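> my questions are about this predicted structure, shown below with the sequence.
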Amino acid sequence: MAAAMTLGSIRPAISPPRLPSISPLPLPEKSRRDAGLSLRRHRRGPGRWTAMVQQQTFQGPSAAYAREMERLSAKESLLLAFKDAGGFQSLISGQTTELQRIDVNERIVSLERLNPTARPTTSPFLEGRWNFEWFSAGSPASFAARFLFQRSPATLANLLGMDMLLKDGYSKITANLRFLNSIESKFLLTTKLSLEGPTRMKEEYVEGTLETPTVSQEAVPEQLKGVVGQATTALQQLPAPIKDAFANGLKISLSGAFERMFMISYLDEEILITRDSAGAPDVLTRLEGSPASSATDSMMSEYES
């Protein structure tokens with residue numbers, strides 16, 4: 001009977017060994033980020049885990065376009081707020097109301113958070129001629145205004161406007177003044193600028209100059225024409241050194257008299273916003289054409305970095 005057994009009918013007594021189960025290795029965190037995926041493990045019942053895949057949202061060209069449209073809208077809103085507040089003349093005459101000041105400051109903050117220039121102190125957009133639209137009590141514009149009105153009665157003098165030229169590490173603030181609606185003069189304030197950081201600068205006052213007044217004969221009232229004529233004749237009869245000194249204006253040295261720190265909180269090709277150490281803002285708009293296209297490329301590279 002044993003001989004009748006065949007080899008095929010003999011079953012092995014030993015079962016094949018079982019291979020150990022191998023769990024898939026999780027992706028490293030960096031690989032997950034590169035793939036744009038976020039894995040979350042949730043337990044479903046005893047001993048079971050599942051992976052939840054979340055797709056991250058990336059900002060594309062549409063987001064950049066929306067931000068740019070928001071910035072342009074904020075600029076227009078700020079300029080309209082200046083107009084509604086009465087402009088420069090209302091500001092220097094003290095006629096701007098508290099509500100108007102708050103409204104302007106809110107719009108300044110809204111524009112500052114959309115600043116497109118990461119390093120404004122070294123940007124080519126900084127240099128050029130700027131017009132003061134709004135200024136604080138500690139700014140050079142306020143200093144020039146006080147200098148003029150402390151020496152001239154408000155009923156006789158009128159501050160027409162103020163602008164600033166930034167070039168080669170210096171600024172020159174020009175205040176245009178008119179007396180009796182016929183005599184025009186300028187006060188020039190020169191300051192030296194030092195770079196302190198990507199957004200911070202130091203300003204030192206150097207010199208103030210009160211230029212010789214110029215008289216518009218057509219605008220002089222009849223009752224004053226005789227006095228103006230006598231003053232002009234007397235000036236021509238002065239000795240040459242005194243006449244030259246008078247022609248060059250009255251210069252006042254301000255070296256070491258005053259300095260301040262300020263930061264540039266917003267800069268583009270049209271608007272410049274600075275804040276002093278107390279946080280008070282100055283807002284200026286460009287008077288001349290936009291800088292070269294190379295400057296535009298520079299600002300865009302800063303915006304993207």
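That came through, no problem.

> from here on, contacts and neighbour counts on C-alpha atoms
OK.

> could you identify the helix or strand that succeeds the host helix or strand of residue 185?
Taking DSSP states H and E as the definition, one finds residue 185 inside strand 183-195. For strand 183-195, the succeeding helix or strand toward the C-terminus, using DSSP H and E, is strand 200-210.

> can you tell me what sits against the helix with the most length in the chain?
In the chain, taking DSSP state H as the definition, the longest helix is helix 61-84. For helix 61-84, contacts defined as C-alpha atoms under 8 Å, 6 or more residues apart in numbering pick out 100, 103-104, 107-108, 110-111, 114, 133-134.

> select, from those, the two members most distant in space.
Across these, the longest distance by C-alpha to C-alpha is 22.1 Å; it joins 100 and 114.

> any stretches of the stretch 101-250 of the chain with poor pLDDT?
For the stretch 101-250 of the chain, the stretches with pLDDT under 70 are 138, 144-157, 215-247.

> can you show me the helices along it?
Ranges of helices within the stretch 101-250 of the chain are 140-149, 222-236, 240-247, based on DSSP state H, counting those that start in this stretch.

> hmm, who's touching the next helix-or-strand element following the shortest one?
The one in question is helix 240-247. Toward the C-terminal end, the helix or strand that comes next after helix 240-247 (DSSP H and E) is strand 250-253. Strand 250-253 has contacts (C-alpha under 8 Å, 6+ apart) with 206-212.

> could those be laid out in a markdown table, adding distance to residue 89?
Listed next are these as a markdown table, based on distance: C-alpha to C-alpha, whole Å:
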| residue | distance to residue 89 |
| --- | --- |
| 206 | 27 |
| 207 | 25 |
| 208 | 23 |
| 209 | 23 |
| 210 | 21 |
| 211 | 22 |
| 212 | 24 |
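
> out of those, who's the most crowded?
Among the contacts of strand 250-253, residue 208 has the most neighbours (other C-alpha atoms under 10 Å), with 23 neighbours.

> and that one, how far is that from residue 267?
27 Å (C-alpha to C-alpha, to the nearest Å).

> ok, residue 164 next?
Counting by C-alpha to C-alpha - residue 164 and residue 267 are separated by 15 Å.

> now swap in residue 195 and tell me
16 Å.

> ok, those two, which is more surrounded?
residue 267 (24 against 13).

> contacting residues for that one?
115-117, 120, 125-126, 273.

> beta partners for it?
Legend: beta-bridge partners of residue 267 under DSSP bridges are residue 272.

> now residue 159
Assessed by DSSP bridges, residue 159 has beta-bridge partners residue 177.

> list the contacts for it?
Residue 159 sits in contact with 89, 145, 175-178, where contact means C-alpha under 8 Å, 6+ apart.
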